[in-house]
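Colleague: next comes the sequence, and after it the predicted model I'd like to discuss.
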Amino acid sequence: MKYIILLGDGMADEPMTELDGKTPLEAAHTPNMDQLCRKGQVGLAATVPDGYPPGSDVANLSVFGYNPADCYSGRSPLEAASMGVELGPDDVAFRLNFVWLEAHFGKIYMGDFSAGHISTEEATELIQCLHGELGGDEFHFYPGVSYRHLMVWKNGKDQLKFTPPHDISTQSIEDHLPQGEGAAILHDLMNSAQMLLLDHPVNNRRVAQRQLPANSIWLWGHGRRPTMETYQQRYGLSGAVISAVDLIRGIGVNAGLDIIQVPGATGYIDTNYRGKAEYAIDALKSRDFVYLHVEAPDEAAHGGLLKEKIEAIEHFDREVVGTIINSLEQIGDCRILVTPDHPTPIAKRTHTRNPVPFVLYDSRCDFASSARAYSEQEAAKTGYKVNGHELMNLLLDRP
């Protein structure tokens, strides 16, 4: 038996007046997910436990089958694992975003949380500059992908409060700077980074090309090294993770799963959807389980881009879900779970903690679900609801 999770990050949403009261999932053309719903078990999953922020870290840990209450220590330590950065027991990891801050009427605003989706090559050059000028015994800077990077504070403070930059798009940053013990040190670090970035050749070229400059760093998602059981210990399974995002790959590393790199996987709407599905099919030849993650719907929603979010959902349905369905004979007996991790409503441009619709499909039988299509409303109608960290046992058909 093979087990597959197909996760469309942030696919779930809320009814929109622009769509005559439909959600993007309801408005999108999703014949493959709809087909699974008519044959599968459909319901809602509460992927964000009470008391936890509705981040992709918490929500994906849940879908992977881990109760965040048992192992969650922050987002960045998971990303560090994906990047091969070994954290010491006293180290604190931070997500470092390159952002574009905009001055307006005497205040500074979060103009773009991704610095115009700066390229990995450009961002790596900037990270190298920061490490050369600001790094040393205390701070270490590591390049990631596009605007997403890592900073490690040796013997750092962790009693701090941060705001994710995508939560404050177009808002003043005044009340959202780091707070708590050690915050003043981080403020100085951010100010020093701004001075280095101000006239850096990368940003000068971007401005000349009418692109947004990465004129600041933004720190968030901090934490210390987590302790997690591997999938072999927990479920007796071998498996692989396919994602363009360090966070998801980092969960996979901590879970003892293989990380599969797919050419053209970008973490954005232009990602290689079909390639991810094809690599997943190949991975299942020698493994029990695959977790296939697509970031594109979430990125579009954070940008408030309705058309792009619908397109990303349709690409996910056609190129990922459709490719897997069309290869069922090759895969053999399998159980497939399709779900978002959390909602990312276009109107809010950030995550919410509402439960998400899921469908569980078994190639050997029909569940005869009452759901006719894959959507938030159809899933709610079934009356079936589970906690997010129970989804993995549901997939494995274990109590």
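Modeller: Great, that's in hand.
Colleague: just give me how far stretch 139-159 sits from the chain centre.
Modeller: Averaging C-alpha positions (Cα atoms, centre = their mean, to the nearest Å) puts stretch 139-159 18 Å from its chain's average.
Colleague: kindly export stretch 110-127 (C-alpha atoms) in PDB.
Modeller: Taking Å, rounded to 0.1, in the frame of the first residue of the first chain, the C-alpha atoms of stretch 110-127 are listed here in PDB:
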ATOM      1  CA  MET A 110       5.500  47.100   4.800                       C
ATOM      2  CA  GLY A 111       5.300  47.800   1.100                       C
ATOM      3  CA  ASP A 112       6.100  44.200   0.000                       C
ATOM      4  CA  PHE A 113       7.000  41.200   2.300                       C
ATOM      5  CA  SER A 114       9.000  39.600  -0.600                       C
ATOM      6  CA  ALA A 115      10.900  42.500  -2.000                       C
ATOM      7  CA  GLY A 116       9.200  42.000  -5.300                       C
ATOM      8  CA  HIS A 117       9.900  38.300  -5.200                       C
ATOM      9  CA  ILE A 118      13.600  39.000  -5.400                       C
ATOM     10  CA  SER A 119      15.600  36.300  -7.200                       C
ATOM     11  CA  THR A 120      17.600  33.700  -5.300                       C
ATOM     12  CA  GLU A 121      20.800  34.800  -7.100                       C
ATOM     13  CA  GLU A 122      20.300  38.500  -6.100                       C
ATOM     14  CA  ALA A 123      19.300  37.600  -2.500                       C
ATOM     15  CA  THR A 124      22.300  35.400  -2.100                       C
ATOM     16  CA  GLU A 125      24.600  38.300  -3.000                       C
ATOM     17  CA  LEU A 126      22.800  40.400  -0.400                       C
ATOM     18  CA  ILE A 127      23.100  37.700   2.300                       C
END
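Colleague: going forward, the N-terminal residue is numbered 494.
Modeller: Right, with 494 as the first residue, what we last looked at is stretch 603-620.
Colleague: show me which residues of it are buried.
Modeller: Within stretch 603-620, the residues that count as buried by 16 or more other Cβ atoms under 10 Å are 603-612, 615-617, 619-620. C-beta here means a position set from N, CA and C on the backbone, and glycine is covered the same way.
Colleague: in strands, which of these fall?
Modeller: Among the buried residues of stretch 603-620, the ones falling in strands (DSSP state E) are 603-605.
Colleague: tell me how far D527 lies from S863.
Modeller: In this view, D527 and S863 are 13 Å apart by Cβ to Cβ, to the nearest Å.
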